[in-house]
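> quick one, structure for this:
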Amino acid sequence: MISILSLWLPILLSAVFVFIASSIIHMVLGYHANDMKKLPDENAFADALRKLAIPPGEYALPKPSSAKEMSTPEYQEKVRKGPGAILVTWGGTSPSMGPYLLQWFIYSIIIGIFAAYVAGRALEPGAHYLAVFRFVGVTAFACYAIGGWQQSIWYRRSWSTSLKNTFDGLVYALLTAGTFGWLWPAS
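All right, here's what the predicted structure looks like:
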């Protein structure tokens, strides 16, 4: 068994590699550019939302007050009439990527910690590179990719977006697994 603290270097270095890879994926390769569509009249929509003074949060339209209401004719008519929407709103803030990038880096460290825990409990010092790669890779892939599928199942995110995110998760998992395999403690 290997302690998580003894794996601090692969945890941090894999987070750095994932951060760099995600920057390249999103800023250079650009295949996520069309994940979200632009509204036909964005300004009119934003003006309408401003007039409603909706507080920041997540909203569904239509939104029943209970499971029982979902079976009422009134609610069913709202659904038939449309539109349906899942909406996330935030207040007017200065556009700064800094806080998001910091959260992403911390998230990558946390995934590295989970991968370190699983591999550190399953493997001994001096474990073969491929054994480390498998344990860390599967754990990192599950964290980076599989959890995102819920967005397509329950919240109607397009499956093409989820598949692109899954591919990204595979890249991040391979980088994480390779880093851990490379820096795994010797016996």
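> secondary structure class for L87?
Put simply, L87 is strand when judged by DSSP: H, G, I helix; E, B strand; the rest coil.
> residues contacting it?
L87 is in contact with 58-61, counting by CB atoms under 8 Å, 6 or more residues apart in numbering. Backbone N, C-alpha and C define where each C-beta goes, glycine included.
> and those residues, which are buried?
Among the contacts of L87, none is buried by neighbour count (16 or more other CB atoms under 10 Å).
> for these, which one is nearest A48?
L61 (12.8 Å; CB to CB).
> part of a helix, is E77?
Yes. Looking at E77 with three-state DSSP, it is inside a helix.
> pull the number of nearby residues for it.
Residues near E77, counting by other CB atoms under 10 Å, number 10.
> try the one 4 residues further on
Counted by other CB under 10 Å, the residues lying close to K81 total 9.
> and for the one 4 residues further on?
By the measure other CB under 10 Å, the count of residues near A85 is 11.
> looking at the contacts of L87, which is nearest V171?
Using CB to CB, E58 comes nearest to V171 of these, at 28.5 Å.
> check the secondary structure at the closest one for me.
Three-state assignment for E58 (three-state DSSP): strand.
> list the residues that contact it.
86-88.
> take those and write them to a markdown table, including distance to K37.
As requested, the contacts of E58 are exported to a markdown table (distance: CB to CB, whole Å):
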| residue | distance to K37 |
| --- | --- |
| I86 | 14 |
| L87 | 14 |
| V88 | 15 |
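> between these, which is closest to M1?
V88 (42.0 Å).
> burial measure for T179, as a count.
By other CB under 10 Å, 26 other residues sit near T179.
> roughly how far does it sit from V136?
Plainly put, T179 is 8 Å away from V136 if you go by CB to CB, to the nearest Å.
> same check on K164?
23 Å.
> could you do I4 as well?
13 Å.
> what do the two both touch?
Residues within reach of I4 and of V136 at once, by CB under 8 Å, 6+ apart, are A116.
> of those two, which one has the most company?
V136 (32 against 16).
> host element of that one?
Using DSSP states H and E, V136 maps to helix 129-144.
> distance between stretch 109-116 and the chain's centre?
Stretch 109-116 sits 15 Å away from the centroid of its parent chain (CA atoms, centre = their mean, to the nearest Å).
> show me which parts of that stretch are buried, residue by residue.
Neighbour counts over stretch 109-116 (16+ other CB under 10 Å) mark 109, 111-116 as buried.
> just to revisit the earlier point, any chance of the contacts of E58 in JSON lines with pLDDT as columns?
Shown next, in JSON lines, are those (pLDDT from 0 to 100):
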{"residue": "I86", "pLDDT": "86"}
{"residue": "L87", "pLDDT": "84"}
{"residue": "V88", "pLDDT": "85"}
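> that concludes my questions; thank you for your assistance.
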